[in-house]
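[1] Build me a model:
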Amino acid sequence: MTPDDRIAITDLINQHGHLTDSGDFDGLTELFTADVVYDVSALGGGTLVGLAAAREAALALGDANPVAHHVTNIVLRETADGVVQARSKGLGIMADGSAGSVTYADTVELTAAGWRITHRVVRPRRAPLRD
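    Here you go, the predicted structure:
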């Protein structure tokens, strides 16, 4: 993984909050493959397959969505086959001012369109000092 690859993947992960918070679901094609597996089962949302399913789930939540998604602590690890495993922390700020924390575990692959997330697992952080 080159330094340019690291920057591109980090930008990819950082861009998620901007697109999601603005409701730009069409823009998510710049981040995820069309057949992305988006696992939010730990949050009660099951495993969503495809961008259309992820979009519908977000729209179904409506005002229960966070008003702000913040991603930090991005760590990238390249596997032998050139796939990148990314871990990051997410903070969600709700309309009432409450906040929640999650860990994102992403599989990122180089496609013809550039680096894209092919698989994401979202795990809530509800207890300290535990993974």
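
[2] Would you map the strands across this protein?
    32-39, 47-49, 68-78, 84-93, 99-111, 114-125 (DSSP state E).

[3] Looking at these, spot the one closest to Thr10.
    Thr10 lies closest, by CB to CB, to one member of these: strand 68-78, at 5.3 Å. (Glycine included, C-beta is placed from N, CA and C.)

[4] Using CSV, list the CA coordinates for the closest one.
    Taking C-alpha atoms only, strand 68-78 is exported to CSV below (Å, rounded to 0.1, in the frame of the first residue of the first chain):
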residue,chain,number,x,y,z
ALA,A,68,-23.6,14.1,12.8
HIS,A,69,-21.3,11.2,12.2
HIS,A,70,-17.6,11.7,13.1
VAL,A,71,-14.9,9.2,12.2
THR,A,72,-11.5,9.0,14.0
ASN,A,73,-8.6,6.7,14.8
ILE,A,74,-8.4,5.1,11.3
VAL,A,75,-6.0,2.2,11.3
LEU,A,76,-5.2,0.4,8.0
ARG,A,77,-3.7,-3.0,7.5
GLU,A,78,-3.0,-4.5,4.1
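
[5] which other helices and strands contact that strand?
    If contacts are counted by 3 or more CB pairs under 8 Å, 6 or more residues apart in numbering; DSSP states H and E, strand 68-78 sits against helix 3-21, strand 84-93.

[6] and among these, the most buried is which?
    strand 84-93 (a mean of 17; mean count of other CB atoms under 10 Å).

[7] Quick one: work out the angle between that strand and helix 3-21.
    Counting by axes from the mean of the first three to the mean of the last three CA atoms, to 10 degrees, strand 84-93 lies at 30 degrees to helix 3-21.
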